[in-house]
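Participant: Have a look at this prediction, sequence included:
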Amino acid sequence: MKPARAISISVVALSAVVCLFSAYIIRENRAASHDLQANTPSSAGTPSPDYAYVLGVSNGKISVFAPNETEPLEILDVYVSTLPEYDQLELKSGLKIKDEEELKRRLEDFES
């Protein structure tokens, strides 16, 4: 086999490996993006939830959201990073609140 042909075959094989690796990375990123979107509230065609509010994070602060909404109703002056790790994780995943009474109680707990 001529050296030029061997080099050409090597280049084609390497290109194929790079393409396969790129396709794998793109698929993984799309799957991760889909997982994030599945956990992000969306109002399009979603049935009414059995909770009234969601406590979450906006601009690094504790925020109150209406179900299936991405814009907060209220942003507290409490940075999530100042809370214990367990509370941070709960807020980042979205803490479902059933009514206004529970909302007031939770907010008081976070603000104290």
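Facilitator: Noted; the coordinates are in hand. Residues are numbered from 1 along each chain as shown.

Participant: Remind me which helix or strand residue 6 belongs to.
Facilitator: For residue 6, the enclosing helix or strand under DSSP states H and E is helix 3-39.

Participant: For that helix, give the mean pLDDT please.
Facilitator: For helix 3-39, mean pLDDT is 58.

Participant: do stretch 54-71 as well
Facilitator: For stretch 54-71, mean pLDDT rounds to 94.

Participant: Now tell me what touches that stretch from outside.
Facilitator: Contact with stretch 54-71 is made by 40-43, 46, 48-49, 51-53, 72-81, 90-92, 94-97, 103, 106-107, 110, as judged by C-beta atoms under 8 Å, 6 or more residues apart in numbering. All C-beta spots, glycine's among them, are computed from the backbone N, C-alpha and C.

Participant: mind giving me the domain split of the protein?
Facilitator: Domain ranges of the chain: 1-39, 53-111, per automatic domain parsing.

Participant: Nearest residue to residue 87 in space, ignoring adjacent ones along the chain?
Facilitator: In space, and not counting its chain neighbours, residue 87 is closest to residue 110: 7.2 Å by C-beta to C-beta, 6 or more residues apart in numbering.

Participant: Wait, the one you found touches residue 80, no?
Facilitator: No - the criterion here is C-beta atoms under 8 Å, and residue 110 misses it with residue 80 at 9.2 Å.

Participant: circling back: give me the buried subset of the contacts of stretch 54-71.
Facilitator: Buried subset of those (neighbour count, 16 or more other C-beta atoms under 10 Å): 41, 53, 72, 76, 78, 80, 90-91, 94-95, 97, 103, 106-107, 110.

Participant: count of residues packed around residue 69?
Facilitator: 13 (other C-beta atoms under 10 Å).

Participant: Okay, it and residue 108: tell me how far apart.
Facilitator: From residue 69 over to residue 108 the distance is 23 Å, taken as C-beta to C-beta, to the nearest Å.
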